[in-house]
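**Q** Curious how this folds, go ahead:
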Amino acid sequence: MADILIVDDEIETRQRIRSLLQDSPYHHFSIWEADSAEKGLTLVKHKSPAVMLTDLSLSDMDGIEFGKRVLRNHPNTHVIAVTHLQMFCTVQDCINAGFSAYLLKPIEKSELFQTLERLIAVQLLQQTASIMEKRNDAPEERLEADLGNPIQSAIQYIQQRYYEPITLREVADFVYLSPSYFSRLFKEEQGLTFVEYLTEYRLKKSRNLLKMTSLPMDVIASQTGFSSPAYFSTTFKRSENQTPSEYRAMFSNLVK
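**A** Predicted coordinates for the structure are as follows:
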């Protein structure tokens, strides 16, 4: 869920949306552009964007039909109609096609950000539910350590299981090294201790959730591997010099 696709044959509209996104909580998303439905379909196929904004008057295909084709093949992509047309019948057609939102040109910053927050929050909640279901019901994915690259294997282990309790000994055992040697080797290669790296990775995940969603702090703490909301808040403030709530408020001000 890291891509946003803009499909519009007006370069000014594409540049406007890109400019708004680059100065927003969504600046870390990959932003792709297409000036036709044909190019848009190719990008959707290869990038599977979380959100696609499309004009309804494309030069090579009706925008609503284009959106329908995207949703048939990529139902998890949110399609947002972007148009000059303020007509009830057009809005109704977009709703019937399964579009997630309808924005009028010229696009207002607050409307764009509020729409994205709503749609991305839904997707993140779905991902959270999927994670919980995977933990409870699905067999655990088996990781294979590359003994020729033990630290990279350890990093992969962290990135796949950061939301679980993880210890240095557990990861050292995974890569078949003694805890003391693994600890020294990790610090030499990464410039951070194992605990520092794990904590920073968890904080990175939490920052993304704070920027993009209104999820409660206890949910964010749990889903990023912190043992309690209080410990999450203390660790976050030590790193960012502000509480998670203050950090969220700073980014929320961008849409006002």
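
**Q** so where do the helices sit in the stretch 151-256 of the chain?
**A** Secondary structure of the stretch 151-256 of the chain (DSSP state H, counting those that start in this stretch): helices at 168-174, 179-190, 194-212, 217-223, 229-240, 244-252.

**Q** Just list what the longest one packs against, helices and strands only.
**A** For helix 194-212, the contact count by 3 or more C-beta pairs under 8 Å, 6 or more residues apart in numbering; DSSP states H and E identifies helix 109-137, helix 150-161, helix 168-174, helix 179-190, helix 217-223, helix 229-240, helix 244-252 as packing neighbours. Where C-beta positions appear, they are placed from N, C-alpha and C, glycine not excepted.

**Q** Low-confidence regions, the protein specifically.
**A** Within the chain, the ranges that satisfy pLDDT under 70 run 1-2, 121-141, 212-214, 251-256.

**Q** Pop the domain breakdown of it in here.
**A** For the chain, automatic domain parsing gives the domain ranges 3-125, 139-255.

**Q** name the helices or strands packed onto whichever strand or helix holds E12?
**A** Element membership of E12 [criterion: DSSP states H and E] is helix 11-22. For helix 11-22, the packing partners by 3+ C-beta pairs under 8 Å, 6+ apart come out as strand 3-7, strand 30-34, helix 109-137.

**Q** Recalculate using a threshold of 10 Å.
**A** Packing contacts for helix 11-22, counted by 3 or more C-beta pairs under 10 Å, 6 or more residues apart in numbering; DSSP states H and E, involve strand 3-7, strand 30-34, strand 51-55, strand 78-83, helix 109-137.

**Q** Report the angle between it and strand 3-7.
**A** 160 degrees (axes from the mean of the first three to the mean of the last three C-alpha atoms, to 10 degrees).

**Q** ok, residues contacting helix 11-22?
**A** By C-beta atoms under 10 Å, 6 or more residues apart in numbering, the list of residues contacting helix 11-22 from outside reads 4, 6-8, 10, 26-29, 31-35, 53, 55, 82, 84, 103, 105-109, 112-113, 116, 254.
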